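Could you work out the structure for the sequence below:
(one chain, ligands or ions: 2)
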Amino acid sequence: MYDEIFKPINIGNLTSENRVIFPPISTNFGGEDGHLSDLFMRHYERRAQGGVGVLIIENSCVSYPEGKHGAYEPRIDSWEFAEDWEKLTKRMKKYDSLLSVELTHEGWKKKDVDFLSKEKIEEIISDYATAAEIACKSGFDMVEVQGAHGLLINQFLSPLTNNRKDLWGDRTRFAIEIRKEIAKRCGWDFPVTIRLAVDDFKEGGITLEEGKRIATVLQDYYDMIQADIGLGPKELRLEPMAFEQGWRAYLAEKIRPLKVPVVAVGMIREPQVAVNILRTKADMIVLGRTLIADPDWLIKVRDGRIKEIRRCIGCSECIKARHDEDTRIRCGANPEVGREIEIKEAEEKKRVAIIGGGPGGLEAARIAAMRGHEVHLFYDEFGGTLNLAALPPGKDKIKWLIEYYSKELKKYANLEMHNKKAIKGDVETLNPDVVIMATGSKPFLPCPPIRNFVYLYDEVLRGEVKFEGKSIVVGGGGLVGCETANLLAEKNKVIIIEMLPEVAQGMETLSRKYLLKELRKKGVRILTNTRLVDVAREKLIVERDGEQRFIEADALIAAFGLRPFVPFRLDDVPMHIIGDAKSVRNIYSAISEGFEIARTL
Ligand SMILES: Cc1cc2nc3c(=O)[nH]c(=O)nc-3n(C[C@H](O)[C@H](O)[C@H](O)COP(=O)(O)O)c2cc1C
Ligand code: SF4
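Ligands and ions are numbered 1, 2, ... in the order given. Take a look at the predicted model:
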């Protein structure tokens, strides 16, 4: 069924064993000094173990410090770093993946390229070639140049940022000269591929029609072309969860046919989607976050174990770490990212009671069972809060995580499921050696629970209460409040009141931007710095800037916040509280803590 994925393909004079590329994904696992770390190498080894056809190491700096892109970007600008790269390629040699590295110069985002002198341009071209030479001599099979995402080559390609009147005003020239200089140093048989902005998604920038023209010119120089996005909005190339799978594969389709392989990228998560793209739109596909969440994706597809795939849910935790915090990446679905450790069988087998079937409890159960403990998992709803989190518009990918655990936990005979709310007596009777409390949180209600007027947000999300054509106030503009408002606004007039100066605080920037845009589109009014003072039927009193006012409404939906919930404790039994039961946060924290505690039991 999935044969298309496993067909070999030539890239220059090399052959990729399958059609999958792991793209550059900055990890921040290196050092601030541009050197690589052991974790960095283990992370990539783990991806290569999964049998990916081409593995491209994250963006690496060709001109230091001016072209640096991110605090922990690896450096490939000087021979001083060649030893690190050689160490990496040696470790990767035992895998079949073709090994590449992305050569990046950030450029000058606030300026056009027009200010660069001819000499400076030639110097940068030489920097790219030096970097390629370091890669080639260090044992890489090929290199990729970053010609998209608004970085330097893209800046030369785009009419928005290149208005030069000299020869460099021929916008493909810079990319061509880089390729020629690399060939001079490494030979034409050392393949060079390009991640190309075929559409800037910005008025006045590269249109797809022009992108096709650029790709047609560059096919004479580059050995593979990936159809990517240019200077435009970042959320289009680091898509939030709501985007449809493979939505931008049409970019690859539109620049085909070329005489070199054309690659599609963006939100390709499931093998059937991958196959459909390979049948009609592209020669190869990029699986980025897909392989972060599950490095064994290809092995599972090859072996027909599709339901065992841990699909990337698009939670953007990796993007938050990399782009908002400039810290090491982490994954909301795969707690091994950033750890890359082997799970070892427990030396002393214990009886482990896990209370709660949300993400933290499920992950703890998976790891504890894998390590051979006798595991008892108590839950009243399998998946816990994941079930609720998957209900607002555009959030259904969260269900994938429930499906994953549901399949995964069935593998273990030493794991007993107790589909019931755990009461203290049940757990005591079990006489466990250790208890993991993963009971999540409960909503907090700072106003009287007036019947038929005040409702909890979860009643709305679950469809237990329905509204149409009503005026509704959502109390609390955190993530939960905003997403509940997003659902309600499909059929009602909605106002969000939030005490803080901003709503949806703490969300990853691009996903937040997307959610706020959705709310705006649906006409949701947002009142920040606004405190609920009193509630009477159909009337709320709120205070803003010291002034009180009434808001008339048909209902108040309480999404004021959540409080950790720990239903009981056992005397004399060690207990670990994880996830929201410890402190209210998100899926990543719950899964990560479940993993960590179960790994060390
Ligand atoms: C955390 C993170 C870091 C990324 N770093 C890079 C990078 O170093 N260079 C690059 O060209 N693209 C980078 N990207 C973009 C990815 O290579 C890829 O194009 C994008 O994630 C879309 O593909 P996907 O949906 O398969 O993940 C990054 C993406 C993420 C999520
Ligand atoms: S952190 Fe979230 S978006 Fe990133 S790879 Fe993991 S599941 Fe996907």
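
Against G314, how distant is E518?
Using CB to CB, to the nearest Å, E518 is found at 15 Å from G314. (Each C-beta comes from the backbone N, C-alpha and C, glycine too.)

Between the two, which is the more surrounded one?
The neighbour count for E518 versus G314, taken as other CB atoms under 10 Å, is higher for G314 (26 against 20).

can you tell me which residues contact that one?
Applying CB atoms under 8 Å, 6 or more residues apart in numbering to G314 gives the contacts 239-243, 267, 289, 397.

Widest-spaced pair of those?
A242 and R289 (14.5 Å; CB to CB).

hmm, back to that, most surrounded residue in the contacts of G314?
The most crowded member of the contacts of G314, judged by other CB under 10 Å, is R289 (27 neighbours).

Surely that residue is in contact with C312?
Yes: judged on CB atoms under 8 Å, R289 makes contact with C312 at a distance of 4.2 Å.

Show the overlap between the contacts of G314 and what lies near ligand 1.
Filtering the contacts of G314 for proximity to ligand 1 (criterion: CB under 6 Å from any ligand atom) leaves 267, 289.

interface residues of this protein facing ligand 2?
Checking the chain against ligand 2 by CB under 6 Å from any ligand atom, the hits are 289, 292-293, 312-318, 331-333.

so of these, which ones are in helices?
Secondary structure from DSSP state H places 289, 292-293, 317-318 of the residues of the chain next to ligand 2 in helices.

for the stretch 351-500 of the chain, which spans come out with low pLDDT?
The model of the stretch 351-500 of the chain has no residue with pLDDT under 70.

Tell me which residue in it sits closest to ligand 1.
Across the stretch 351-500 of the chain, the shortest distance to ligand 1 (CB to the nearest ligand atom) belongs to K397, at 11.8 Å.

May I ask which helix or strand encompasses E342?
Assigned by DSSP states H and E, E342 belongs to neither a helix nor a strand.

Return the residues of the stretch 1-150 of the chain in contact with ligand 1.
Within the stretch 1-150 of the chain, the positions near ligand 1 by CB under 6 Å from any ligand atom are 23-26, 58-59, 102, 146, 149.

just curious, which of those residues is nearest to G463?
Closest approach to G463 among those (CB to CB): I25, at 37.3 Å.

and that closest one, what pLDDT?
What the model reports as pLDDT for I25 is 98.

Repeat that for R195.
R195 is assigned 98 on the pLDDT scale.

where do the helices sit along the stretch 251-400 of the chain?
Using DSSP state H, counting those that start in this stretch, the helices of the stretch 251-400 of the chain run over residues 271-280, 289-293, 297-302, 317-319, 359-370, 385-389, 399-408.

which one of those is the most hemmed in?
helix 359-370 (a mean of 28; mean count of other CB atoms under 10 Å).

And it, what does it pack against?
Judged by 3 or more CB pairs under 8 Å, 6 or more residues apart in numbering; DSSP states H and E, the packing partners of helix 359-370 are strand 351-355, strand 374-378, helix 399-408, strand 415-418, strand 434-437, helix 587-599.

Quick check: which of the ones you listed is nearest to V566?
Per CB to CB, nearest to V566 of those: strand 434-437, 5.7 Å.

how far out from the middle of the chain is that closest one?
Strand 434-437 sits 30 Å away from the centroid of its parent chain (CA atoms, centre = their mean, to the nearest Å).

quick revisit: among the residues of the stretch 1-150 of the chain next to ligand 1, which are located in strands?
Taking DSSP state E, the ones among those that sit in strands are 58-59, 102, 146.
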